[in-house]
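Engineer: no sequence on hand, only this structure:
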């Protein structure tokens, strides 16, 4: 079989369906690429990628394990945000929605990390290490995601309000995790003498 004929059987990455500024939701329906749904799951996907960068840069196995689990949670959250409320039952057939237990697990992780080192009492300038910088980038993406999900909720597009709780707590955890990662390094203050 020639390479030209075999290529006709290959599924292409590009579909051209989005060329007019619309995209498909997970279980049906088309929305603008600028819709609140797209904004919410798009920035969540950005955070997953930034966390992947953090995980690849870190040599701390505990940090890597925590980040991997967070990435998996966020994939599910992105799927939930990409589902029209009318199709939520289909989502629940394939995924586990965010639960109160997941939020509590984040709190327990924060508490556990804080027992192991002294959190800074000043504003910290990100940049201690490449890994902690990526964690801080992830944190800012999560704070943006939180705002986008609140906006989605305000127009009635959010089925599970616990997503907001989860993202709020996750932003806190990522701040702590970045500081934990650099716990052996001197703190660089964000404010103070510039000389």
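Structural biologist: Everything's here; your move. Worth saying up front: this structure is predicted, and the values here are computed from it rather than measured.
Engineer: buried ones in the top helix by length along the chain?
Structural biologist: Criterion DSSP state H: the longest helix present in the chain is helix 130-154. Within helix 130-154, the residues that count as buried by 16 or more other Cβ atoms under 10 Å are 131-139, 141-146, 148-150, 152-153. C-beta: built from backbone N, CA, C; applies to glycine.
Engineer: next, name the residue at the spatial heart of the chain.
Structural biologist: Most central in the chain under Cα atoms, centre = their mean is residue 47, positioned 3.6 Å from the mean C-alpha point.
Engineer: which SSE is that residue in?
Structural biologist: Per DSSP states H and E: residue 47 is located in helix 36-57.
Engineer: and if you look at residue 104?
Structural biologist: Counting by DSSP H and E, residue 104 is found in helix 100-114.
Engineer: any idea of the mean pLDDT in that helix?
Structural biologist: For helix 100-114, mean pLDDT is 97.
Engineer: picking that back up, who are the contact partners of the residue nearest to the centre of the chain?
Structural biologist: 74, 138, 141-142, 145 (Cβ atoms under 8 Å, 6 or more residues apart in numbering).
Engineer: let's see that with 6 Å instead.
Structural biologist: Neighbouring residues of residue 47 by Cβ atoms under 6 Å, 6 or more residues apart in numbering: 138, 141-142.
Engineer: what does residue 148 give?
Structural biologist: Counting by Cβ under 6 Å, 6+ apart, residue 148 has contacts 39-40, 43.
Engineer: between helix 130-154 and the host helix or strand of residue 164, find me the angle.
Structural biologist: Using DSSP H and E, residue 164 sits in helix 162-181. Angle, helix 162-181 to helix 130-154, by axes from the mean of the first three to the mean of the last three Cα atoms, to 10 degrees: 170 degrees.
Engineer: which of the contacts of residue 148 tops the neighbour count?
Structural biologist: Tallying neighbours with other Cβ atoms under 10 Å puts residue 40 at the head of these, with 29 neighbours.
Engineer: list the contacts for it?
Structural biologist: Taking Cβ under 6 Å, 6+ apart, one finds 81, 148-149, 152 in contact with residue 40.
Engineer: at 8 Å what do you get?
Structural biologist: With Cβ under 8 Å, 6+ apart, residue 40 has these contacts: 81, 145, 148-149, 151-152.
Engineer: what do you get for residue 58?
Structural biologist: 64, 67, 131, 181.
Engineer: out of the contacts of residue 40, which comes closest to residue 190?
Structural biologist: Closest to residue 190 out of the contacts of residue 40 is residue 145 (23.0 Å), distances taken as Cβ to Cβ.
Engineer: right, and the closest one touches residue 44 too?
Structural biologist: Yes. At 4.8 Å, residue 145 counts as touching residue 44 under the criterion of Cβ atoms under 8 Å.
Engineer: residue 113: neighbour count?
Structural biologist: 20.
Engineer: ok, and the closest non-adjacent residue to it?
Structural biologist: residue 180 (4.8 Å; Cβ to Cβ, 6 or more residues apart in numbering).
Engineer: shaky segments in this protein?
Structural biologist: Across the chain, the ranges flagged by pLDDT under 70 are 1-9, 12-34, 91, 192-195.
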